[in-house]
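# structure for this input, please:
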Amino acid sequence: ENEEEAAYISKMISAAEKLIQSQHPNYKLGTVRLMIVLENPRAILRVNEIIDNLYPYFVGASLGWHDFLASTARIFKE
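Predicted coordinates for the structure are as follows:
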């Protein structure tokens, strides 16, 4: 949903990969890849920051249009 969440997920994946590599030395760090779903207008407006924080794991994004429409309707209901 935002760049802070993306940074947290990136740190979590990095830590998990290091644990995997400690048990399996042949494991190559950076193997995990993420496809994210943008579910609200705020995420769309912060997409560059989200992508930057998910480096090197980010490979693509898609628009979760059901969630996006519902979220947009909540924001602009007035």
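# could you pull out the helices for this protein?
3-23, 41-45, 47-54, 65-75 (DSSP state H).
# distance to Val32, mean pLDDT and mean neighbour count added to those helices, as JSON lines?
In short, each C-beta sits where N, CA and C put it, glycine included. Below are those laid out as JSON lines (distance: least, Cβ to Cβ, whole Å; pLDDT from 0 to 100; neighbours: other Cβ atoms under 10 Å):
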{"stretch": "helix 3-23", "distance to Val32": "5", "mean pLDDT": "97", "mean neighbour count": "14"}
{"stretch": "helix 41-45", "distance to Val32": "21", "mean pLDDT": "83", "mean neighbour count": "15"}
{"stretch": "helix 47-54", "distance to Val32": "10", "mean pLDDT": "95", "mean neighbour count": "16"}
{"stretch": "helix 65-75", "distance to Val32": "24", "mean pLDDT": "75", "mean neighbour count": "12"}
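# of these, which is nearest Thr31?
helix 3-23 (7.1 Å; Cβ to Cβ).
# still on that earlier bit, closest to Met35 out of the helices of the chain?
Closest approach to Met35 among the helices of the chain (Cβ to Cβ): helix 47-54, 10.4 Å.
# what's the angle from that closest one to helix 3-23?
For helix 47-54 against helix 3-23, the angle by axes from the mean of the first three to the mean of the last three Cα atoms, to 10 degrees is 20 degrees.
# contacts for helix 47-54?
With Cβ atoms under 8 Å, 6 or more residues apart in numbering as the test, helix 47-54 has contacts from 2-4, 6-7, 9-10, 34, 36, 38, 43, 58, 61.
# with stretch 64-78 instead?
Outside stretch 64-78, the residues touching it (Cβ under 8 Å, 6+ apart) are Val37, Leu38, Glu39, Asn40, Pro41, Ile44.
# need the helices of the chain in TSV (columns: distance to Leu29).
Shown next, in TSV, are the helices of the chain (distance: least, Cβ to Cβ, whole Å):
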stretch	distance to Leu29
helix 3-23	5
helix 41-45	27
helix 47-54	15
helix 65-75	32
